[in-house]
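> no sequence on hand, only this structure:
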């Protein structure tokens, strides 16, 4: 009597399973399969944002086990092996029954388990099973997007640019509070189909809309792993913007906010200036222009085979040569040691553009580049956009206009 809103194509999942198995052969040759637990990973592997676990054997049919929601899983996923379970002690027997027995050595998504449960999981599964870390395998599997995923991300990026570059400037006015700006951004986003959640992969990280920071709010001390600071709604909810901080004339307004469409996320920062273009200080214009130049340099260098650590080093050497180190990627303790990050089902996917990241870029990877420049007492300028890696360099999927937007 029910029909799913969307059922992921079986061929799409088969591509993902094949990639994971290839990576297993390369990185974990002793493992007989992969166990996944987090809901986002379950969705990526099955098409269902499940409550349970997914078993991908090295050979044979995958199995989705549901603690709750088996009926929904059957609507949304093309998998044949979808079973209900109550206790993890039952897992080996259920996998055996499904014809895909648990292997003696299994790669495990350990980041998808609480520590208390992870400590006893091997005991629950029985003495014949040894678990080895499988998170790197999953990160490498998800970093290169399929054609199906790229289609969703490109549409997400188009709408993201439309909201921040064309719709929001028409309703912004100096004198508004950060909170008012946040609500206007939500209205524009929801009008274009924004799905709501913005998921983070790192343990304990959260995001709600993103950062709306007027003036010196952008340099407010931050625990978030990004260059833009913010006061936020409240110390308990450091997201969106503060009702008590007004965007005043002669100040930048940094809106570092993500757009989500059908589970996939793009990242973009648009900086607005309160006043005419002639009122932008030379230091702010110089900082913004440098960030746009860095974004273009990185995009041109981001071809298959390029190493993130080399890209990072080139840009930091350029910043040093230009005398732009102070303020680049944040001030003081807010300064971050990366220039961009993978993105997809979560905002902070692998890899980062940072030192010691030696994983070569691949065609089909999607990366957010976020060169920013902080100015003491004034705020933050710069850019962030989402790019798709192609043989000819990275192509921006969140618009092609990167200047400050002046609002009078």
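Done, it's in. Predicted model, so just to flag it, every value in this text is computed and none were measured.

> gap between whichever strand or helix holds residue 18 and the chain center?
According to DSSP states H and E, residue 18 maps onto helix 10-27. With Cα atoms, centre = their mean, to the nearest Å as the basis, helix 10-27 stands 21 Å off its chain's centre.

> gap between the two ends of stretch 356-368?
Start and end residues of stretch 356-368 are separated by 18 Å (Cα to Cα, to the nearest Å).

> and the average pLDDT for it is what?
The average pLDDT within stretch 356-368 is 98.

> ok, and for it, which residues are buried?
Buried residues in stretch 356-368, defined by neighbour count with 16 or more other Cβ atoms under 10 Å: 357, 359, 361, 364-368. Using the backbone N, CA and C atoms, a C-beta is placed for each residue, glycine as well.

> strand partners (parallel or antiparallel) of whichever helix or strand comes after the helix holding residue 18?
Downstream of helix 10-27, the first helix or strand assigned by DSSP H and E is strand 33-36. According to DSSP bridges, strand 33-36 has the following sheet partners: strand 51-57 (antiparallel), strand 105-108 (parallel).

> what pLDDT does the model give residue 1?
So, for residue 1, pLDDT stands at 83.

> out of the buried residues of stretch 356-368, which is nearest to residue 155?
residue 366 (12.8 Å; Cβ to Cβ).

> ok, that closest one - contacts?
By Cβ atoms under 8 Å, 6 or more residues apart in numbering, the contact set of residue 366 is 145, 150, 153, 342-344, 386-389, 397.

> one more: residue 383?
With Cβ under 8 Å, 6+ apart, residue 383 has these contacts: 269, 271, 288, 291-292, 295, 369-372, 402.

> for those residues, which one is nearest residue 332?
Of all the contacts of residue 383, residue 372 has the smallest distance to residue 332: 13.8 Å, by Cβ to Cβ.

> care to break the protein down by domain?
10-141, 144-407 (automatic domain parsing).

> tell me the buried residues in stretch 48-61?
Neighbour count says stretch 48-61 has 48-58, 60 buried, by 16+ other Cβ under 10 Å.

> between the two ends of it, how far is it?
One end of stretch 48-61 to the other measures 17 Å (Cα to Cα).

> I'd assumed residue 130 was in contact with residue 105.
Yes. Look at residue 105 against residue 130 with Cβ atoms under 8 Å: they come within range, at 5.1 Å.

> rewinding a little: can I get the domains of the chain in JSON lines including distance to residue 1?
As requested, the domains of the chain are exported to JSON lines (distance: least, Cβ to Cβ, whole Å):
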{"stretch": "domain 10-141", "distance to residue 1": "10"}
{"stretch": "domain 144-407", "distance to residue 1": "24"}
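
> helix or strand for residue 294, which one?
helix 282-301.

> same question, residue 374
strand 372-375.

> and the strands paired with strand 33-36 as JSON lines, adding mean pLDDT and distance to residue 264?
Shown next, in JSON lines, are these (pLDDT from 0 to 100; distance: least, Cβ to Cβ, whole Å):
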{"stretch": "strand 51-57", "mean pLDDT": "97", "distance to residue 264": "19"}
{"stretch": "strand 105-108", "mean pLDDT": "97", "distance to residue 264": "25"}
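
> so for the chain, the centremost residue is which one?
residue 347 (1.4 Å; Cα atoms, centre = their mean).

> all helices for the stretch 301-408 of the chain, in order.
In the stretch 301-408 of the chain, the helices defined using DSSP state H, counting those that start in this stretch lie at 308-321.

> what about stretch 61-75, start to end distance?
Termini of stretch 61-75 sit 19 Å apart (Cα to Cα).

> in it, what's buried?
62-66, 69-70, 72-74.

> now do the contacts for residue 284.
Taking Cβ under 8 Å, 6+ apart, one finds 252, 273, 375, 378, 381, 404 in contact with residue 284.

> so how far is residue 273 from it?
Look at residue 284 and residue 273: by Cβ to Cβ, to the nearest Å, they are 8 Å apart.

> what do those two both touch?
Common neighbours of residue 284 and residue 273, using Cβ under 8 Å, 6+ apart, are 252, 404.

> returning to what we had before: export the contacts of residue 366 as a markdown table, with columns for pLDDT and neighbour count.
Listed next are these as a markdown table, based on pLDDT from 0 to 100; neighbours: other Cβ atoms under 10 Å:
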| residue | pLDDT | neighbour count |
| --- | --- | --- |
| 145 | 98 | 24 |
| 150 | 98 | 17 |
| 153 | 98 | 22 |
| 342 | 98 | 25 |
| 343 | 98 | 24 |
| 344 | 98 | 28 |
| 386 | 98 | 29 |
| 387 | 98 | 24 |
| 388 | 98 | 19 |
| 389 | 98 | 23 |
| 397 | 98 | 22 |
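
> I appreciate the help and will end here.
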